[in-house]
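Asker: Model the following, please.
(2 chains)
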Amino acid sequence: MPTTPALLVRDLSFAHPGGPAVTIDEWSVPAGGEVLLQGPSGSGKSTILQLLAGLLDAKSGRVEIDGEDLLAVRGAERDRRRGRRIGMIFQTFNLLSGFSARENAMLAMHFAGVPAAAHRERAADLLGSLGLSGNELDRPVDRLSVGQQQRVAVARALAAEPAIVLADEPTASLDPDNAARTVDLVREACRTRGAALLLTSHDPSLAERFENRIDVSTFVSLPSGAGS
Amino acid sequence: MSDFSIILRSLRIRLFSTVVTILTVAVAVGLFLTLLSMRESGRDAFRRGSGNIDLLVSAEPGPLVSVLNGLFHAGAPANPIPWARFEALRASYPWAWAIPLQQGDNYRGYPAIATTPAFFEDYQPEAGRPWAFAAGRPFEANFEIVAGSEVAATTGVAVGDRITLTHGSGGSREDHGHSHDEYDYEVVGILEPSGSAHDRALFSDLESSWVLHAFDRHEAEGRHVHVGVDDLEEVDRAVTGILLKVPSRGGMASAALPQQFDRLRREGFTVAQPAQEIGRLLGIVANVDALLIAMAAAVLLASGIGIMLALYNSMDQRRRQVAIMRVLGASRGKVFSLTLTESAMIGVAGGVIGTLFAAIGNAATASTLKERLGLVIPWSLDPATVLAVVVGTTILAAAAGVLPGLVAYRTPVATNLRPTA
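Answerer: Model prediction:
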């Protein structure tokens, strides 16, 4: 019996004046699968991730996350589905400043509708599995090292047990060794939690670490003069 | 994690701004409640001061002046009523009581009121609450005097002391007018605070006061002689005010009151019904009251604008926070309600702390005024009014959060997630 893909995109079309035009006839990421979306900076990778997360409105098409079409609903219901089904990791982590490591993870659970009674323990377990413990859990993220912040970002993305994690250039500002370690960290965390991973990168050296990879140009056509 | 803990954390992140904003609201609420309380206390004090009399008769130019001078000792009445005329008035109707007052001297700026022992027996400065003595007793003989609570507290006079009076109303704390050094009084009683203007006065018998002025009259005529009660002439015997009480039936004033009021007016007296005159006075100062309350309300409104500015200015830093929450699953409505609730919580905190400010400030002021001046200024706001002010402040604060909330609501997610330089 075939399993439901973590991500299934059909007939997706998006364009805005002066920006990249996205066209995806059909594309899927299997449950627990890993895909690298490659392309140079400014080639539209982030636009695709924002479309898949329902943060941008597509002209047409379907984006099914774990069988639920995200684009079929709007407003609060789409936000709720995104919180429950999708985890996101950003190049600069985008942690909530002033909140602790634990609170950053708990926030994801809160907005995804996870019962509050489970938040503290689950956040501690998750952060512990990524190497944070003790006082580090309740320290404001601004006072953690960059490596610790990265782990908090990964923990937050997985806190609501999403079907898929969308990682937007998580290695962009890292040297090759650290980039490799970060990718391994994210992949391992996703595997452990059973989440699929769609990771974007402009770094060609990461290509060999992913069995499934796709070039962003497959989906995106840039306006003339763009793509630097 | 809950919405409440998210808001608390958000407030703590901007601790300085939060505390300053809450204090601004608290000061405004405290000021507003204090003014409301003082207005009520002031009205109560005026109502207390008129006591249990029905009519105040004098020869003053108008009834309001008569009440202010005769009951609140704002100044000395300038137009005497001959004693014979008082006696005729007393005999003209079966009054429950008629008490003469004579003003014109002071002790260190505090007015000395000459009257009869009935002043302490029949007249009550607050209806239903008779006089109470902190020490000593009422005057019984000539040149005995009783000091009000504020007089005793500020001048230090005690039972057994001997004091001399100064001619003049005592409208100023500076001695003006000559001193009646030839005659001294023995302090025989100190009154408990009554919460009325009488706490700032002294009380003695009529004859002693007449003797002082008879002595002055003789001196002015070049006759340097000792004057005693037996030397008083008809011209010396005068009063400046008469407190009247009509007989009541079952606690209700007699229907004769308006008739007597009109009759006395026709006879050329100035007749005042204190309750009506105080009502007139409060009506006159109501505009000032309204102005003060309006100013306090404006301060409250300004604090609401302060909340809005504090939140609105912080929105520049919070756009990324809002965008992150949206990515995590928060809807536009959720980030709007979080901002609005945060604003309302500032209002609640400001309202509660402001109420405490007002209560503590009022208690401290009331205690000081009672100890030093003998004035009773109680907290005169009922819990419903306080609750209404706190709820109103919360609603105002929530309204102040609408604009920042809309900024949060309309924050574009994608553009605010981009890496900053």
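Asker: For chain A, see how far away residue B:226 is.
Answerer: 88 Å (C-beta to the nearest C-beta, to the nearest Å). In short, each C-beta sits where N, CA and C put it, glycine included.
Asker: Now do the SS call for that residue.
Answerer: Under DSSP: H, G, I helix; E, B strand; the rest coil, the three-state class of residue B:226 is coil.
Asker: contacting residues around it?
Answerer: If a contact means C-beta atoms under 8 Å, 6 or more residues apart in numbering or on different chains, then residue B:226 has B:182, B:215 as its contacts.
Asker: what about 10 Å?
Answerer: Under the criterion of C-beta atoms under 10 Å, 6 or more residues apart in numbering or on different chains, the contact partners of residue B:226 comprise B:182-183, B:211, B:215, B:218.
Asker: Take the residues you listed and write them to a markdown table, including pLDDT.
Answerer: Output for these, formatted as a markdown table (pLDDT from 0 to 100):
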| residue | pLDDT |
| --- | --- |
| B:182 | 80 |
| B:183 | 88 |
| B:211 | 92 |
| B:215 | 86 |
| B:218 | 82 |
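Asker: Count the neighbours of the residue in chain B positioned nearest to chain A for me.
Answerer: Relative to chain A, the nearest point of chain B is residue B:329 (1.7 Å; C-beta to the nearest C-beta). Residue B:329: 25 surrounding residues under other C-beta atoms under 10 Å in any protein chain shown.
Asker: hmm, back to that, out of the contacts of residue B:226, which is most surrounded?
Answerer: residue B:211 (24 neighbours).
Asker: Enumerate every residue touching that one.
Answerer: B:142-143, B:180, B:182-183, B:205, B:226-232, B:236.
Asker: Give the partner strands of the lowest-mean-pLDDT helix or strand in chain A in its sheet and their orientations.
Answerer: The helix or strand of chain A with the lowest confidence, counting by mean pLDDT, DSSP states H and E, is strand A:220-221 at a mean of 85. According to DSSP bridges, strand A:220-221 forms sheet pairs with strand A:21-29 (antiparallel).
Asker: Beyond the strand it pairs with, next helix or strand please.
Answerer: strand A:34-38 (DSSP states H and E).
Asker: and chain B, which residues reach chain A?
Answerer: Within chain B, the positions near chain A by C-beta under 10 Å from any C-beta of the partner chain are B:1-3, B:5-6, B:9-10, B:12-15, B:317-318, B:320-321, B:323-335, B:412-414, B:416-420.
Asker: Can you turn the buried part of those residues into a PyMOL selection?
Answerer: Per 16 or more other C-beta atoms under 10 Å in any protein chain shown, the buried members of the residues of chain B next to chain A correspond to this PyMOL selection:
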select buried, chain B and resi 1+5+6+9+10+13+14+318+320+321+323+324+325+326+327+328+329+330+331+332+334+335+413+414+416+417
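Asker: before we move on, the earlier item: filter the contacts of residue B:211 down to the ones in strands?
Answerer: residue B:205 (DSSP state E).
Asker: Out of the contacts of residue B:211, which is nearest to residue B:36?
Answerer: residue B:205 (42.7 Å; C-beta to C-beta).
Asker: ok, the closest one touching residue B:143?
Answerer: Yes - if you go by C-beta atoms under 10 Å, residue B:205 and residue B:143 touch, sitting 7.9 Å apart.
Asker: Give me the residue at the spatial middle of chain A.
Answerer: residue A:166 (1.8 Å; C-alpha atoms, centre = their mean).
Asker: Could you check the angle whichever strand or helix holds that residue makes with strand A:21-29?
Answerer: Element membership for residue A:166 (DSSP H and E) is strand A:164-168. Strand A:164-168 and strand A:21-29 are oriented at 140 degrees to each other (axes from the mean of the first three to the mean of the last three C-alpha atoms, to 10 degrees).
Asker: Return the list of strands paired to strand A:164-168, each annotated with direction.
Answerer: Strand A:164-168 sits in its sheet next to strand A:86-90 (parallel), strand A:196-201 (parallel), going by DSSP bridges.
Asker: roughly how far is the top strand by length along chain B from the heart of the chain?
Answerer: Taking DSSP E as the criterion, chain B has its longest strand at strand B:97-107. Chain-centre distance of strand B:97-107: 24 Å, with C-alpha atoms, centre = their mean, to the nearest Å.
Asker: ok, residue B:159 touching residue B:191?
Answerer: No - the criterion here is C-beta under 10 Å, and residue B:159 misses it with residue B:191 at 11.4 Å.
Asker: Would you pull up the residue in chain A closest to chain B?
Answerer: For chain A, C-beta to the nearest C-beta, closest residue to chain B: residue A:83, 1.7 Å.
Asker: on that earlier part again, show me what the next helix-or-strand element following the longest strand of chain B is packed against.
Answerer: The helix or strand immediately downstream of strand B:97-107 is strand B:110-115, counting by DSSP H and E. Where contact means 3 or more C-beta pairs under 10 Å, 6 or more residues apart in numbering or on different chains; DSSP states H and E, strand B:110-115 is packed against strand B:97-107, strand B:144-147, helix B:149-155, strand B:202-205, helix B:206-220, strand B:241-245.
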